[in-house]
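J.: got a predicted structure here, sequence first:
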2 protein chains.
Amino acid sequence: MSYIPIRTGAEPERRDAARNREVLLRSARELIGECGADGLTMAALAQRAGVGKGTVFRRFGSRAGLMMTLLSDAEAEFQGRFMFGPPPMGPGAEPLERLIASGVERIAWVLEFGELARAADAAAHNRFDVPAAVLWHRHLEMLLRNAGVTADPWLMATSLSATLEPERLLHAVRVHRISPARLTASWCELVSCVVRAA
Amino acid sequence: MSYIPIRTGAEPERRDAARNREVLLRSARELIGECGADGLTMAALAQRAGVGKGTVFRRFGSRAGLMMTLLSDAEAEFQGRFMFGPPPMGPGAEPLERLIASGVERIAWVLEFGELARAADAAAHNRFDVPAAVLWHRHLEMLLRNAGVTADPWLMATSLSATLEPERLLHAVRVHRISPARLTASWCELVSCVVRAA
DNA sequence: GGTCTAAACGGACTGCGGTCCGTTTATATT
DNA sequence: AATATAAACGGACCGCAGTCCGTTTAGACC
């Protein structure tokens, strides 16, 4: 298990390191465009970027770390929307409205970035304890509480986030040809009846 | 992708093959007892059983296939109970009763055999299309229909089975110290409100 | 510019799942 | 018993993620 450096703004990385990181991210996006996220190999990435394989792992720690880095902008933007954005997803709307909107937007997000998210999940040692997953879970749990759900909101949030996992959603869409509209309709149904029961 | 032979009763395997299969299964259980399911490697299994690695893959196709074979007795027994067993899980009870009982029993089952199931899932290329998963999904879907759920029972069954996945359940119990009782209580809550909404 | 050091680098190496293919063997047939 | 043949066998081999460690270099300090 390797040490993954935590960057604070105070101690910037060396110039060559920063340059290599940019080259690696650019190359990774190119490779994924050509071969898909599952087709990217760490060795191929190193070669394309013109660095050694050790450098790739030094920068990103693991394949999962690389995928999460590639996702981080999209993830941060999404987090911003459900935490600070405008209603109905952001604060200001009723809890049930926010729950519905959060799920609907999440489904759209997964359909756009899900391949990367799926690759990150597949490579991660424990996908449930990664910061983005914890934040998302807490968000759902909080909305459930605010909506008056008293019966174990923590586990209910677990069930809800299980429903929205990239692997499952992509499987439903790609293998079973479920339309996005059906996914969102079912989400609304599910979350409504959970809240209504409270 | 290798060819996985389907055994019909009509064409029995050769005697040496049958003997090796037994030795391999016994050795696999021993190794799992010593190192855990995640600690078992195919090469170590081959060595312990005194056969070549090729033989292991010929018998089971893949690591996932091995794990599923090891699970198959427990899986079949569970299937028998929800399909043909006595109420409340088997036929005869009300649909909601059966849903609740099925989930409660499933949670207990996962807590007992989940490590193997988790290992099988992790190694499988697509865990959702494996016969046992399909059967379980169909069972939940049918019960939802019988309980009067008209709004997309297929996707509802997907959400429900996501809730009961070994990886999630084991994570809840082992990392977050959630008690089995809490898991079953939350399941009852969830499934009740889904049905009540119908 | 010279020196020093912590950081970054690179690629050989390990361990694992999975495949390939030349060799061996169980079993049916004569 | 001899033969034929399909099946089973075994282990060298491949690709990949991840590690290790000797070498190089950025950049700070003089």
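T.: Structure's in. What do you need? Numbering: from 1, shown residues only, chains lettered A, B, ... in the order given.
J.: mean confidence score for the helix or strand residue A:27 falls within?
T.: Following DSSP states H and E, the helix or strand that holds residue A:27 is helix A:15-35. Helix A:15-35 carries an average pLDDT of 96.
J.: other residues contacting the helix or strand following that helix?
T.: Counting by DSSP H and E, the next helix or strand C-terminal to helix A:15-35 is helix A:42-49. Contacting residues not belonging to helix A:42-49 are listed as A:20, A:23-24, A:26-28, A:30-31, A:52-53, A:55-57, A:63, A:66 [C-beta atoms under 8 Å, 6 or more residues apart in numbering or on different chains]. C-beta: built from backbone N, CA, C; applies to glycine.
J.: for chain A, which residues are neighbours of DNA strand D?
T.: By C-beta under 7 Å from any atom of the strand, the part of chain A that sits against DNA strand D consists of A:1-2, A:14-16, A:40-44, A:53-54, A:57, A:62-64, A:123.
J.: now do the domain split for chain A, please.
T.: A:13-61, A:62-197 (automatic domain parsing).
J.: using ChimeraX, make a named selection holding only the buried ones among the residues of chain A next to DNA strand D.
T.: Of the residues of chain A next to DNA strand D, the buried ones can be selected in ChimeraX as follows, counting by 16 or more other C-beta atoms under 10 Å in any protein chain shown:
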select /A:40,44,57,62,63,64,123
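J.: any idea how far the longest helix along chain A is from the middle of the chain?
T.: In chain A, with assignment by DSSP state H, the single longest helix is helix A:95-123. Its chain's C-alpha centre and that of helix A:95-123 lie 7 Å apart, by C-alpha atoms, centre = their mean, to the nearest Å.
J.: chain center to whichever helix or strand comes after it: distance?
T.: Next along the chain after helix A:95-123, taking DSSP H and E as the criterion, comes helix A:131-146. Mean-position distance between helix A:131-146 and its chain equals 13 Å (C-alpha atoms, centre = their mean).
J.: go on, stretch A:165-172?
T.: If you compare the mean C-alpha spot of stretch A:165-172 with that of the full chain, they lie 13 Å apart, counting by C-alpha atoms, centre = their mean.
J.: over to stretch A:190-198?
T.: Taking C-alpha atoms, centre = their mean, the mean C-alpha location of stretch A:190-198 is offset from the chain mean by 25 Å.
J.: do that stretch and chain B come into contact?
T.: Yes - judged by C-beta under 8 Å from any C-beta of the partner chain, stretch A:190-198 and chain B are in contact via A:190, A:192, A:193, A:194, A:196, A:197.
J.: drop anything exposed from the residues you listed.
T.: Buried members of the residues of stretch A:190-198 next to chain B, scored by 16+ other C-beta under 10 Å, are A:190, A:192, A:193, A:194, A:197.
J.: how far off centre is stretch A:82-94?
T.: Counting by C-alpha atoms, centre = their mean, stretch A:82-94 is centred 19 Å from the centre of its parent chain.
J.: near chain B, which residues of chain A? Just list them.
T.: Going by C-beta under 8 Å from any C-beta, the residues of chain A near chain B are A:126, A:128-129, A:151-152, A:155-156, A:158-159, A:162-163, A:165, A:168, A:171-172, A:175, A:178, A:182-183, A:185-186, A:189-190, A:192-194, A:196-197.
J.: show me the residues you listed that map onto helices.
T.: In this view, the residues of chain A next to chain B that belong to helices under DSSP H are A:155-156, A:158-159, A:162-163, A:168, A:171-172, A:182-183, A:185-186, A:189-190, A:192-194, A:196.
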